[in-house]
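[1] need coordinates for the below:
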Amino acid sequence: MKKIKYTIVAIVGLILLQGCGAYSFSGISIGPETKTFQVNFFQNQSPRIFPGADQTFTNQLQDLILNQTNLDLVTSSGDIIYEGEIVQDYVSPNTATSQITAAQNRLTIAVNMRFYDAKDSKQDLEQRFSFFFDYPAAASENAIRDEALQVIFERITQDIFNATLARW
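    Presented below is the predicted three-dimensional model:
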């Protein structure tokens, strides 16, 4: 009788483990046949062009995928491909003072991204991602630009990663 109980528990345990076989603890949903990824240059097409922002964004997206997956970066014929452009970059007043001047400004950047999965075209995606950085109006935009780009691009690349590979 005890042997039957242990056998049943073992069989149920194996069935449960088999059912969890496709789960990834990192939350990434990549098929086993996907081995490489490609990130094409995200050109800055916003009305305000700041040198280097496009290269910084492209590098940050490549680095995030390299660090979060076991995929290899290639320059052509990737199993999954990212491409797009920076389409918006603007500053707007965010809060006002009693003298009706800006107390805080907001830098907002938007990126249009296209994702192609050569192994499963149902996963293809085109989406716009944006984020912002608030800073005191007394500070010059040039003084905060590096920090702002780091914060904004970190968030946008993570959102792109979640939408394409984590499927959140």
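
[2] what about the protein, any weak spots by pLDDT?
    Flagging of the chain using pLDDT under 70 yields the residue ranges 1-2, 5-27, 96-101, 168.

[3] now the helices for this structure?
    Here the chain has its helices, by DSSP state H, at 2-19, 53-68, 141-161.

[4] got CSV for the ones you listed, with distance to D134 and mean neighbour count too?
    Every C-beta, even on glycine, is put in place using the N, C-alpha and C of the backbone. Converted to CSV, these look like this (distance: least, CB to CB, whole Å; neighbours: other CB atoms under 10 Å):
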stretch, distance to D134, mean neighbour count
helix 2-19, 46, 9
helix 53-68, 18, 17
helix 141-161, 9, 17
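
[5] just put these in CSV and tack on distance to K122.
    Shown next, in CSV, are the helices of the chain (distance: least, CB to CB, whole Å):
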stretch, distance to K122
helix 2-19, 23
helix 53-68, 20
helix 141-161, 18
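
[6] what about the ones you listed, which gets the closest to D79?
    Closest to D79 of the helices of the chain, according to CB to CB: helix 53-68, at 11.9 Å.

[7] what's the burial count for the residue lying closest to A148 once chain neighbours are set aside?
    Of all residues not flanking A148 in the chain, F133 sits nearest, at 3.8 Å (CB to CB, 6 or more residues apart in numbering). Using other CB atoms under 10 Å, F133 has 19 other residues around it.

[8] pretty sure F133 contacts Q150?
    No. Counting by CB atoms under 8 Å, Q150 is not a contact partner of F133; they are 9.0 Å apart.

[9] list the contacts for S92?
    S92 is in contact with N105, R106, T108, counting by CB atoms under 8 Å, 6 or more residues apart in numbering.

[10] the same query, at a cut-off of 7 Å, please.
    By CB atoms under 7 Å, 6 or more residues apart in numbering, the contact list for S92 reads N105, R106.

[11] okay then, goodbye and thanks.
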